[in-house]
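Asks: would you be able to build a 3D model of this:
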Amino acid sequence: MEESSSSSSATMLKLTASNYSIWNPRMEDILYCKDLYEPLQLLGQKPEGKSDDAWNILNRKVVGQIRQWVDQSVFHHVSQETDAYKLWTKLSSMYERKTAQNKASVIRRLVNLKYRDGRSVTEHLSDFQGLINLLTNMKMVLDDELQALVLLSSLPDSWDTLVVSLSNSAPQGVLTLDIVKDSMFNEEARRKEQGVVAESEALVSEYRGRTNNRKFHRRDKSKGRSRDGSRGRSKTRKDLECYHCGGIGHMKRECRLFKREQDRGNEKSDARHTTATTSDGNEVTAGGFISTIGLTRPLDDFTDLVGKTLLLELVSTQLEPKTGLEKETVKGYANKASQKDDEVIYESSFSIPADFGEVGAVEVENEHHKEIFIKSIHLHGFPNGSVNVPCNSWTHSKFDNPQKRIFFTNKSYIPSETLSGLTRI
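Replies: Model (predicted):
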């Protein structure tokens with residue numbers, strides 16, 4: 001028993017301002033192992049039959065054991081305490097705050113937690129569980145399915161195949177945390193065994209991020225050449241390009257998107273018959289440039305929760321004066337702001353450079369797994385007034401087609417007067 005207690009103490013960490021959620025249960029374990037938990041278990045009340053001297057000595061033992069594992073930066077807060085229960089509750093009140101602001105901070109950290117390729121899945125799950133435990137201590141308990149969805153959303157684009165596979169194969173449409181964890185460990189093991197494939201997938205993700213036009217991924221079929229102009233040269237798998245989706249690392253006959261489209265045939269979504277409603281005009285303006293989007297369609301509630309329903313990219317009508325190239329688009333995710341009947345209002349804020357010029361179009365990427373109907377996009381905060389982008393169109397999921405939808409402003413241009421920044425699109 002003594003050997004076990006000594007071993008557990010040897011690996012104990014000291015309490016700091018940032019590790020209370022881990023320190024607290026480990027400190028409890030040590031107190032139980034050393035039979036020193038009675039003052040905390042009885043909420044500081046002396047039991048009958050125990051003398052005052054014996055009770056005071058026990059309290060001092062518990063206080064000494066706890067303070068031994070308190071960092072110097074925290075020690076001065078409890079240096080005068082001699083009652084174990086008061087010391088314990090004081091630390092709890094300092095680091096286990098259940099205020100709305102603290103809850104919001106932890107939730108923000110949870111939804112912003114992202115897995116990085118190459119990092120240990122075990123470490124990522126440890127960070128994830130630590131935040132879940134913090135919320136649990138604040139009496140905010142997320143059910144198993146919501147935890148599974150949050151964890152799944154933390155995976156990067158290079159893991160999209162796993163995300164789509166799990167989403168489509170979930171028993172009765174319900175994912176569990178254990179299923180997601182097991183799948184992550186299996187995927188990690190597969191990538192370690194096929195290191196070249198994992199590296200190739202990461203390269204595809206990075207390459208696709210540099211252009212939104214799929215034609216740049218394809219070979220020039222009229223000349224029968226690859227991009228480097230070579231003929232008849234055998235290619236490794238990582239150099240193959242798909243004629244259907246433009247992806248790298250597979251051929252058309254192996255393309256998952258192509259196979260899905262074949263399986264679906266002419267089947268149309270029932271939601272295509274949904275009628276768009278008129279926007280109620282409730283628009284919220286906060287500093288910067290705000291876009292309000294009216295949507296009518298059953299929505300993916302979880303994607304809305306993490307604030308990544310739609311990715312918007314503002315396209316300038318001008319080119320860079322020095323290089324003559326297109327200006328870099330300004331990106332922002334649209335977050336759910338309000339809902340009235342079947343219409344949902346989304347907002348996105350943008351930080352736009354002073355020399356960006358006039359917005360001529362908006363590129364939209366649907367982060368849902370199903371298509372959605374976009375009614376309109378309104379941009380506010382410009383010196384020359386608001387910009388309206390009429391849409392009234394269904395937008396496909398990025399998981400079905402990686403190409404973004406492009407919507408132009410309500411201004412018309414004849415071909416000879418089309419602004420330079422819009423000629424590509």
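Asks: what secondary structure does L58 sit in?
Replies: Following DSSP: H, G, I helix; E, B strand; the rest coil, we place L58 in the helix state.
Asks: my guess is it contacts L36. True?
Replies: Yes - with contact defined as Cβ atoms under 8 Å, L58 reaches L36; the gap is 7.3 Å. Quick note: C-beta positions are derived from backbone N, CA and C, even for glycine.
Asks: residues touching L162, list them.
Replies: By Cβ atoms under 8 Å, 6 or more residues apart in numbering, L162 lies in contact with 155, 183-184, 187.
Asks: with distance to M12, neighbour count and pLDDT added, can I get the residues you listed in CSV?
Replies: Shown next, in CSV, are the contacts of L162 (distance: Cβ to Cβ, whole Å; neighbours: other Cβ atoms under 10 Å; pLDDT from 0 to 100):
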residue, distance to M12, neighbour count, pLDDT
L155, 33, 20, 91
S183, 34, 19, 92
M184, 30, 22, 93
E187, 34, 18, 90
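Asks: looking at these, which two lie furthest apart in space?
Replies: Pairwise distances across the contacts of L162 peak at 9.9 Å for L155 and S183 (criterion: Cβ to Cβ).
Asks: which residues touch L135?
Replies: Per Cβ under 8 Å, 6+ apart, neighbours of L135: 103, 106-107, 110, 141-142.
Asks: in those residues, which residue is surrounded by the most others?
Replies: For the contacts of L135, the largest neighbour count, defined by other Cβ atoms under 10 Å, is 21 neighbours, found at L110.
Asks: is that one in a helix, a strand, or coil?
Replies: Going by three-state DSSP: L110 is helix.
Asks: the closest residue to it other than its chain neighbours: neighbouring residues, count only.
Replies: Closest residue in space to L110, ignoring its immediate chain neighbours: L131 at 4.5 Å, by Cβ to Cβ, 6 or more residues apart in numbering. Using other Cβ under 10 Å, L131 has 19 neighbouring residues.
Asks: so L131 touches V111, yeah?
Replies: No - using Cβ under 8 Å, L131 is not in contact with V111; the gap is 9.6 Å.
Asks: need the overlap of contacts for the two.
Replies: With Cβ under 8 Å, 6+ apart, L131 and V111 have no common neighbours.
Asks: could you report the pLDDT at the closest residue to F185 other than its chain neighbours?
Replies: Leaving out its chain neighbours, the residue that sits closest to F185 by Cβ to Cβ, 6+ apart is V121, at 5.8 Å. At V121, the model reports a pLDDT of 93.
Asks: do you know how far V121 is from A189?
Replies: According to Cβ to Cβ, to the nearest Å, V121 and A189 sit 9 Å apart.
Asks: what's the answer for E358, then?
Replies: 51 Å.
Asks: between these two, which has more neighbouring residues?
Replies: Neighbour tally, E358 and A189, criterion other Cβ under 10 Å: the higher count belongs to E358, 14 against 11.
Asks: close enough to count as contact, the more buried one and S316?
Replies: Yes - applying Cβ under 8 Å, one finds E358 in contact with S316, separated by 7.0 Å.
Asks: out of the helices and strands in this protein, which is least certain?
Replies: Ranking every helix and strand in the chain by mean pLDDT, DSSP states H and E puts helix 195-208 at the bottom, with a mean of 37.
Asks: buried residues, whichever strand or helix holds E145. List them.
Replies: For E145, the host element (DSSP states H and E) is helix 144-153. Buried residues in helix 144-153, counting neighbours by 16 or more other Cβ atoms under 10 Å, are found at 147-153.
Asks: that one packs against which elements?
Replies: The elements that helix 144-153 packs onto, with contact taken as 3 or more Cβ pairs under 8 Å, 6 or more residues apart in numbering; DSSP states H and E, are helix 100-112, helix 121-137, helix 160-169, helix 177-193, helix 301-305.
Asks: domain-wise, how is this structure divided?
Replies: According to automatic domain parsing, the chain comprises the domains 2-95, 100-195, 237-267, 286-422.
Asks: circling back to that earlier point, can you check what angle separates the helix holding E145 from helix 121-137?
Replies: Counting by axes from the mean of the first three to the mean of the last three Cα atoms, to 10 degrees, helix 144-153 lies at 140 degrees to helix 121-137.
Asks: what angle separates helix 144-153 from helix 177-193?
Replies: When the same axes, to 10 degrees is applied, the directions of helix 144-153 and helix 177-193 differ by 20 degrees.
Asks: ok, and what's touching helix 144-153?
Replies: 110-111, 125, 128, 132, 142, 163, 166-167, 174-177, 179-181, 184, 302-303, 306, 308.
Asks: just stretch 66-76 next, same as before
Replies: 12-17, 23, 27, 30-31, 78-79, 84, 87-88, 91.
Asks: tell me the buried residues in it?
Replies: 66, 70, 74.
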